[in-house]
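Asker: Compute the structure for the input listed below.
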Amino acid sequence: MTRTACKVAIMVWAGCLLLARLDAGEAASDQPQPQIASGQNAGEVLVVVGAAGGENYRVKFATWADRWRKGAKAGGCVFRQIGGTEQSHDPTNAASDRESLQAVLSQLDDSAATPFWLVLIGHGTFDGRSAKFNLEGPDISVEDLADWLPPSRRTAVICCQSASGPFLEGLTQPNRIVISATKNGHEQNFARFGDYFSQRVADPEADLDKDGQTSLLEAFLKAARDTAAFYRDSGRLATEHALLEDNGDGTTVRADDFRGIRLIDDESAEHVPDGQRAHQLHLVPNRRERRLTAAQRQRRDAIEQAVFAHRRQRSNFSEEEYLAKLEALLLPLARLYADVDRTVLRKGGEPATNLSPSDPAGTVSSSFVAAEANRPPSVARRP
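Answerer: Residues are numbered from 1 along each chain as shown. Model (predicted):
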């Protein structure tokens, strides 16, 4: 067998390793979910509910926040809420919601390996210069949040308020995923996107790649399309257009820019497509994700990003060189999952992985990576 043929055989096996995550994810949905590895929490979720401006909105916002609370609990995350509670309406409470938010953000561990989720639910304003999120008491501006958020920790900011577009622009930076309900500050009507997003972030029906968990990207895509369908079906002019940015380059994307979970775009070596990092983050992880420690998950995500980067440089290599490099990236990923299963076996559990090349269907890894690694170069680009 030639060296190239050997490489192809290895890649077929590695692809099977990766694609089998779908099977494991689907099977996991019918089994009890294991606890988060080593007793760790899976991250922190902070929901900030702004000034309602009326009983109708108060009820809506409370419902959205409660969905996040339930999702965080199901995912093993620490949940906190500011605003929208009896305490926030207590006139004897000395601290304003703005002060409470600043205090919580200042106490975050910026070096933590687990993600931090910040969800803003309410109304927003934009005066042509500065965008603000309306709180009970003093409001907060996008500049405030930019100063207060942890600079290095992996963070997802979901801005569900009207006129939230400038928040996306002002908060964008590497290692941060930012979603806004509107495309700019001039879309100031009540935004419904937050309602649909709170329904989809932990909804198995939004799991587009069927890996047993709904990613932040998948929730965004489903919620944005649900929002568009509301306006279309009710015969209304759409007054909100949700955006996502997750690679730090300041370029935003819409749900219409995706086919499935993949961005419809050419992928030059210089361009890191939006959506890849958002697809690595899950509020309610599947069995495989729960067995990873925060450090293992961080390592896995880094390997996946390296595979994505290598995929974009495919034209720079011969086929043999490309496969050799890809093998070097994928084998550590297989070893990582083998280490996880050895830990599970030592504790008397049942492994989710069988790394035998003769039984690749028993293995589990990233379906997204497998598809990225093996598909031909993209030829479609959205105008």
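Asker: wait, residue 131 sits on residue 163?
Answerer: Yes - Residue 131 lies in contact with residue 163 (C-beta atoms under 8 Å); the separation is 5.7 Å. Heads up, the C-betas are built off the backbone N, CA and C, glycines and all.
Asker: tell me, what's touching those two both at once?
Answerer: Residues touching both residue 131 and residue 163 (C-beta atoms under 8 Å, 6 or more residues apart in numbering) are 124, 125, 185.
Asker: OK, contacts around the last one?
Answerer: In this case it means residue 185. Going by C-beta under 8 Å, 6+ apart, residue 185 touches 126, 128, 131, 163, 165, 166.
Asker: again, 10 Å this time
Answerer: 124-132, 142, 162-167, 169 (C-beta atoms under 10 Å, 6 or more residues apart in numbering).
Asker: Could you check which of residue 131 and residue 163 is surrounded by more residues?
Answerer: residue 131 (30 against 27; other C-beta atoms under 10 Å).
Asker: What does the closest residue to the more buried one other than its chain neighbours show for phi and psi?
Answerer: Closest residue in space to residue 131, ignoring its immediate chain neighbours: residue 166 at 3.6 Å, by C-beta to C-beta, 6 or more residues apart in numbering. Here is the backbone geometry of residue 166 (degrees, to the nearest 10): phi -60, psi -20.
Asker: is it true that residue 166 touches residue 178?
Answerer: No - Residue 166 is beyond contact range of residue 178, at 11.1 Å (criterion: C-beta atoms under 10 Å).
Asker: Show me whatever sits in contact with both of these two.
Answerer: Joint contacts of residue 166 and residue 178 (C-beta under 10 Å, 6+ apart) are residue 159.
Asker: Next, the buried residues of stretch 98-113.
Answerer: 98, 100, 101, 102, 104, 105, 108, 112, 113 (16 or more other C-beta atoms under 10 Å).
Asker: which two of those lie the greatest distance from each other?
Answerer: Spatially, the most separated pair among the buried residues of stretch 98-113 is 98 and 113, at 29.0 Å (C-beta to C-beta).
Asker: Count the residues that sit near the residue nearest to residue 273 when sequence neighbours are not counted.
Answerer: Leaving aside its sequence neighbours, residue 273 sits nearest to residue 263 (C-beta to C-beta, 6+ apart; 4.4 Å). By the criterion of other C-beta under 10 Å, residue 263 has 20 neighbours.
Asker: cool, and residue 212?
Answerer: Residue 212: 27 surrounding residues under other C-beta under 10 Å.
Asker: any idea how far it lies from residue 285?
Answerer: As judged by C-beta to C-beta, to the nearest Å, residue 212 and residue 285 stand 9 Å apart.
Asker: Now find how far off-centre the longest helix along the chain is within its chain.
Answerer: If you go by DSSP state H, the chain has its longest helix at helix 319-346. Distance of helix 319-346 from its chain centroid, counting by C-alpha atoms, centre = their mean, to the nearest Å, is 23 Å.
Asker: With stretch 176-189 instead?
Answerer: 17 Å.
Asker: Give the buried residues for stretch 327-340.
Answerer: 329, 330, 333, 334, 336, 337, 340.
Asker: For the closest residue to the third one other than its chain neighbours, grab the count of nearby residues.
Answerer: Meaning residue 333. In space, residue 333 comes closest to residue 303 once its chain neighbours are excluded; the distance is 5.0 Å by C-beta to C-beta, 6+ apart. If you count neighbours by other C-beta under 10 Å, residue 303 ends up with 18.
Asker: end to end, how far does stretch 47-60 reach?
Answerer: 14 Å (C-alpha to C-alpha, to the nearest Å).
Asker: Please enumerate the strands of the stretch 101-250 of the chain.
Answerer: 116-121, 124-126, 131-133, 140-141, 155-159, 176-180, 243-245 (DSSP state E, counting those that start in this stretch).
Asker: Including mean pLDDT, could those strands go into JSON lines?
Answerer: Below are those laid out as JSON lines (pLDDT from 0 to 100):
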{"stretch": "strand 116-121", "mean pLDDT": "98"}
{"stretch": "strand 124-126", "mean pLDDT": "97"}
{"stretch": "strand 131-133", "mean pLDDT": "97"}
{"stretch": "strand 140-141", "mean pLDDT": "97"}
{"stretch": "strand 155-159", "mean pLDDT": "98"}
{"stretch": "strand 176-180", "mean pLDDT": "97"}
{"stretch": "strand 243-245", "mean pLDDT": "97"}
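Asker: Can I get those in CSV including distance to residue 75?
Answerer: Shown next, in CSV, are the strands of the stretch 101-250 of the chain (distance: least, C-beta to C-beta, whole Å):
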stretch, distance to residue 75
strand 116-121, 10
strand 124-126, 27
strand 131-133, 25
strand 140-141, 26
strand 155-159, 13
strand 176-180, 16
strand 243-245, 20
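Asker: Show the buried residues in the contacts of residue 185.
Answerer: Neighbour-count burial (16+ other C-beta under 10 Å) applied to those gives 124-126, 131-132, 142, 162-167, 169.
Asker: Output those residues in JSON lines; the columns should cover distance to residue 240.
Answerer: Formatted as JSON lines, the buried ones among the contacts of residue 185 follow (distance: C-beta to C-beta, whole Å):
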{"residue": "124", "distance to residue 240": "11"}
{"residue": "125", "distance to residue 240": "15"}
{"residue": "126", "distance to residue 240": "13"}
{"residue": "131", "distance to residue 240": "14"}
{"residue": "132", "distance to residue 240": "17"}
{"residue": "142", "distance to residue 240": "17"}
{"residue": "162", "distance to residue 240": "7"}
{"residue": "163", "distance to residue 240": "10"}
{"residue": "164", "distance to residue 240": "9"}
{"residue": "165", "distance to residue 240": "10"}
{"residue": "166", "distance to residue 240": "14"}
{"residue": "167", "distance to residue 240": "14"}
{"residue": "169", "distance to residue 240": "16"}
